[in-house]
Every structure is written in structure tokens, then in C-alpha cells.
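1. Coordinates for the following, if possible.
(chains A and B)
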Amino acid sequence: MPPLGPPPPLSPVLLAGFLVRPLPPILLQPVLDLAMMAIRRRHPGLFERFSDIQNPLLVIDPVDLPLVFRLDADPLSPRLSAVRDAGDLSASATIRGPLLTLMELLEGRIDGDGLFFSRELSIEGDTEVVVALRNAIDSVEIDIIGDVLSLLGPLAGPSRNAVGVAQGLFDRAARDLQSLRAAVIAPALSQGEFQAARLRDLEDKVDAAARRPARRPAQKGGRR
Amino acid sequence: MSAPLELVCPAGTPAALRAAVNAGADSVYLGFRDETNARNFPGLNFSRSELAEGIRFAHDHGARVLVAINTFPEAGNSGPWHRAVDSAADLGADAVILADIGLMDYAQRVHPQLRRHLSVQAAASNPEAIRFYHQAFGIKRVVLPRVLTVAEITALNAQVPVETEIFVFGGLCVMAEGRCQLSSYATGVSPNKDGACSPASHVRYVDHGGKMISKLGDYTINTFAEGEPAGYPTLCKGRFSTCGRVSYLFEEPTSLNVLHLLPELAKAGVRALKIEGRQRGRAYVAKVVAAFRLAVDAAARGEPVPETALGALAEGGRQTTGVYEKVWR
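-> As a prediction, the model looks like this:
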């Protein structure tokens, strides 16, 4: 059975996912706890928007990583954790998409409905919980790195510099992978364009034939 | 140079309000976090304190705030709607957008100084109806339903004593707004009374071997092939099988975009342009408002309207000029 949701893009995240696959996701817990603490401290009203929903439990599935995130969006004690797969979780809903797209969504830099329309993002389960999450995170201006750095006190400045360097390396790797991808799929793209042109040509011919007035069947016995 | 048309922009959250104002909105419209407005979706809308802060921010930046209280009060329970009007007035909103005549009467009697706009939910689309709302309730502006051509809007503007506001971008509703029963029929939840068309609580998406099936209540609304652009799960945009043929019976998933018609709309005597999308995120708001700000200012200077690619934000990835350029009967 093919994996659910959009296919993963060729990106540094996908490659990093292969490398960390042997490691248990629980190792991420301190980072996730820190991120949640930072977000709750800077945006205290965020989870209040879930107050009308019972047991809001979401699975956030980055399709380019070998793990999923489990968000228990309880207004009083929200928690984010990472697990190998969502098989044993009885989640209210699941959101799937590439990690970077999910991060952009979290920071409100990209339109969630647009991603859904274009199928870059897929959702399953209780749509009310997904909509509430989208509206909740969109109601505050989350800056995930800035929020976490705010907890580091005097270390925030040097950490910010380190993040900047890492971001630069990541962007460069992403560009290199895009070039590689373009080189690999160029023959297939060329063939696809050729086939698409042939299909358009055929469609034009079919349209032209359909517009042509139907020929009357010849009447027996000639003109009366 | 003519005066630019007023750009009226959506805000579902305080962050979207700031995004709209920063992107150049003249006015922002929004609603309270309850059934008194037609976008009563989970996690959306404003508390009283958020509205107070939003009004302060908008006014500091020279923008106005219009509060949509545009659902129809439940029989015997008009309290929430009256309190919404009271709060809008007390917090200093620049206008309220109303659809129900009882509520208009209340607003006129209790808060006569509060400017009143007629919501598209009232579906007033002819001069007689609009004049009645003006004479009876002192309506200053009417939001026109999306059923009129540019020529019809021009003729209507010559006959009404109020400003007109029209939709220029976003989701389309082809039904008689304020009267549509499709969502109520499928879910028991009404856009007109409860404020939610196709409520998320009744929507399910199911992955079926790469195809995505959207369901509303017990009804299958659509099946999208792998990679096919998707739309909202509303009955009016459903794809159904009838007479052996699968097709969109009412409307295809598509978004309105009349950016290039702005000069004609200005000539038609329209006063304000409305961007739909209080349920959309602030990234949508920032991008669409910025595009229309550029276009409205260019049109006011008599310059060609700059086109901005907004297709990625459109439902189903497709855009239309709707009835404004009607080419069918």
C-alpha cells in the first residue's frame, strides 16, 4: 500500500530522515518540551482556542521524516511528542505534509487552505480539530526559532548566530538537491511535455470535430 | 486622479487584522467568537478584549473596523445578537454589518450613531429593496450579492441613495445568501442561524487509494483524483452523478478574482471592494490585500492595473470573474 498523503519532496529533510532512522524518537523529547514551553510562554492564549473541543489529539505527520508528532492540545496541559508511527494512536485527526511546509504553516507564512487545494497538505479525521488548530496557530505570530531562543537568556545571541549559519548551509543543500532533481528528471519532463502537446493536439481535433455540423443522412428517393 | 475605492478586508483573528492593516486595508471586517456572525468556525473570531485591541490598532493606523453581526437571531433568543451590537458600539467599531430587520431596528433605536451596513446575507439586489432598508433602518451601505453584472450594478447605483460594496476576490456563493438551506439539510447546522456553512464538525476527508473523498454529514461531496486540485466540501460545489454523467451541478470549485475589472467597477459607481476570506489564514490576507492595494491605487491614478498571481490561493486552483462578466443566461 502506498504511503498516505503527498509524496515527500527531495530535500535535506528527507536525507536527514534516512540518517536518523535508527535513532529512537524519544531523543527529541527535550527539544519538543523546550519548544512547547517557549510557545506557551510567548503565546499564552494559543491553546485557549481549543476550549470547546473535547480531547483534541492530533497526529502531525511530516511525510519526509521517519516519525510522526503527537500533539495533545489540551488547553491546560498541551504536550508535543514524537513517535515512530501513528499506528497505536487514537488521534482525532491527522495532518500530513513536508516538514518545511508544516513549519511555514506553524509560523503563518503560508496559506493552509491554498496548500489543501493544491494537495500539498492532506488531512484526515475530525476536521473540526484541524480547523481549530489552524485558526489557533494563525491567531498568534509564532516564530519557532525566535521563541525557543528567547528561553536561552545570554546564550540567545550566540545561538542565533549558530542558527543563521545552519540555515545558510541548509538552504545551500536544498538548492543543490533541487539542481540534482532537475537533472535527474529532465528526460522524463521532456517526454511528458511531448505527450502533453500531442494530447492537446488531439483534444483540439476532437473539439473541432464536435463543433462541425452533423451531416444529414441521405434521403432515399431524392428531393420531394 | 479619482478617490481610490475603499478596500474592505477580512480578519478571522487578531493576527489577520494586523496583517490586513499592514498590507493596506482601508477597513477590516470581523466577527465575535459565537453564532452572531456567518463565519462561526472553531478557533476563529474575536473576543471582546481582542476586538478592543484590534480597533485600537486599526484606528492608530488609519483603518476602520466593521463588525459583522450578520446571522439571523434565533426566535426568542435575541440576547446574543443584541449584546453583539452593544459591544460593537461600546468598543468603538466604525460600523456594524447586519442582515436581520429586527436587529437593524434594535441597532437604530439603541445606538442611532452607529453606522449600519446591510450584509450580503440580506440578499438585497434591487433598488426597491435597498431603498426600503435605507428608509426604514438608515442603512448607509449595502453589500451586493454576487449575482449582478457590471452593467446591472451601474444601473442599480444610479437608483439607490446608499453606498454599494461588492465582492472582488475569494470564495463564491451562487445561492440566495441568507436563504440557502443546503448546509442545514445535510448537517442540521445553518449558515444563517448558526453561522457555519458546511461546519467542520460534519466534514470528513478520507484517503481511498490515493483519491481523496470529501464528505459532509452522510453525503459524499466529491472524489478528487490523485493530484487533482481540491475545493471546499460544500454541497453547492459538489460533484454528483446524474443521468449517467458525473459533473458539478451548481458550481465548480473556483474563486472570484476581478482584479482587472477594477476600473470598470469604479466607473459603475461602486464605493467599496470586499475581499472574502475571514476563515483564511493571515498569509492569504497579507498577499491578497497587498495585491488589491496596488491595483486600487493604480486604478485611481488612471494607470493600468498591475496583475498579481493569486491562483495558488484560489479554491480548486481556478479563478473566475463570476457574474460580473456574465456570458451565459
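
2. and A:G192, how far is that from chain B?
-> 13 Å (C-beta to the nearest C-beta, to the nearest Å). C-beta here means a position set from N, CA and C on the backbone, and glycine is covered the same way.

3. For residue 112, give me the pLDDT.
-> All of this refers to chain A. The score at A:G112 is 89. That number is its pLDDT.

4. Correction: the question concerned chain B.
-> So, for B:P112, pLDDT stands at 97.

5. what helix or strand does it sit in?
-> For B:P112, there is no enclosing helix or strand under DSSP states H and E.

6. residues contacting it?
-> B:G138 (C-beta atoms under 8 Å, 6 or more residues apart in numbering or on different chains).

7. switch to 10 Å and redo it
-> B:P112 sits next to B:A89, B:G138 when contact means C-beta atoms under 10 Å, 6 or more residues apart in numbering or on different chains.

8. distance of it from chain A?
-> B:P112 is 34 Å from chain A, by C-beta to the nearest C-beta.

9. got the phi/psi numbers for that residue?
-> phi -60, psi -20 (degrees, to the nearest 10).

10. so what's B:N45 closest to, chain neighbours aside?
-> Distance criterion C-beta to C-beta, 6 or more residues apart in numbering or on different chains; nearest residue to B:N45, sequence neighbours excluded, is B:R33 at 4.0 Å.

11. which ones are touching that neighbour?
-> Contacts of B:R33 by C-beta under 10 Å, 6+ apart are A:49, A:52, B:40-48, B:50-51.

12. repeat for B:K211
-> B:N222, B:T223, B:F224, B:A225, B:E226, B:E228.

13. Could you count how many residues lie near B:I55?
-> With neighbours defined by other C-beta atoms under 10 Å in any protein chain shown, the count for B:I55 comes to 23.

14. Helix or strand for it, just tell me which one.
-> Per DSSP H and E: helix B:48-60 holds B:I55.

15. Quick check: next helix or strand after that helix?
-> strand B:64-69.

16. Identify the residues contacting B:R280.
-> With C-beta under 10 Å, 6+ apart, B:R280 has these contacts: A:111-114, A:134, A:138, B:10, B:12, B:16, B:39, B:170-171, B:288, B:313.

17. Phi first, then psi, for it.
-> phi -90, psi 160.

18. and what of B:W81?
-> According to degrees, to the nearest 10, B:W81 has phi -70, psi -40.

19. any idea of the pLDDT on it?
-> 98.

20. where's the residue nearest to it when sequence neighbours are not counted relative to B:D194, distance?
-> In space, B:W81 comes closest to B:P73 once its chain neighbours are excluded; the distance is 4.3 Å by C-beta to C-beta, 6+ apart. The gap separating B:P73 from B:D194 is 12 Å, by C-beta to C-beta, to the nearest Å.

21. Give me the common contacts of those two.
-> B:E35.

22. Is the closest residue to A:Q29 other than its chain neighbours in a helix, a strand, or coil?
-> Nearest residue to A:Q29 in three dimensions, chain neighbours excluded: A:S81, at 6.4 Å (C-beta to C-beta, 6+ apart). Look at A:S81: counting by DSSP: H, G, I helix; E, B strand; the rest coil, its state is strand.

23. Surely A:S81 and A:I26 touch.
-> Yes. If you go by C-beta atoms under 10 Å, A:S81 and A:I26 touch, sitting 8.2 Å apart.

24. Return every residue with contacts to both of the two.
-> Shared contacts of A:S81 and A:I26, counting by C-beta under 10 Å, 6+ apart, come down to A:L32.

25. Which of those two has more residues huddled nearby?
-> Each of A:S81 and A:I26 has its neighbours counted (other C-beta under 10 Å); A:S81 has more, 16 against 12.

26. hey, what's the more buried one bridged with?
-> Taking DSSP bridges as the rule, A:S81 bridges to A:R70.

27. now the closest residue to chain A within the stretch 1-150 of chain B, nearest residue through space, not along the chain?
-> Across the stretch 1-150 of chain B, the shortest distance to chain A (C-beta to the nearest C-beta) belongs to B:G43, at 3.2 Å. Closest residue to B:G43 apart from its sequence neighbours, by C-beta to C-beta, 6+ apart: A:N135 at 3.2 Å.

28. Name the next helix or strand following the helix or strand the one you found falls within along the chain.
-> Applying DSSP H and E as the criterion places A:N135 in helix A:127-138. Next helix or strand after helix A:127-138 toward the C-terminus (DSSP H and E): helix A:144-149.
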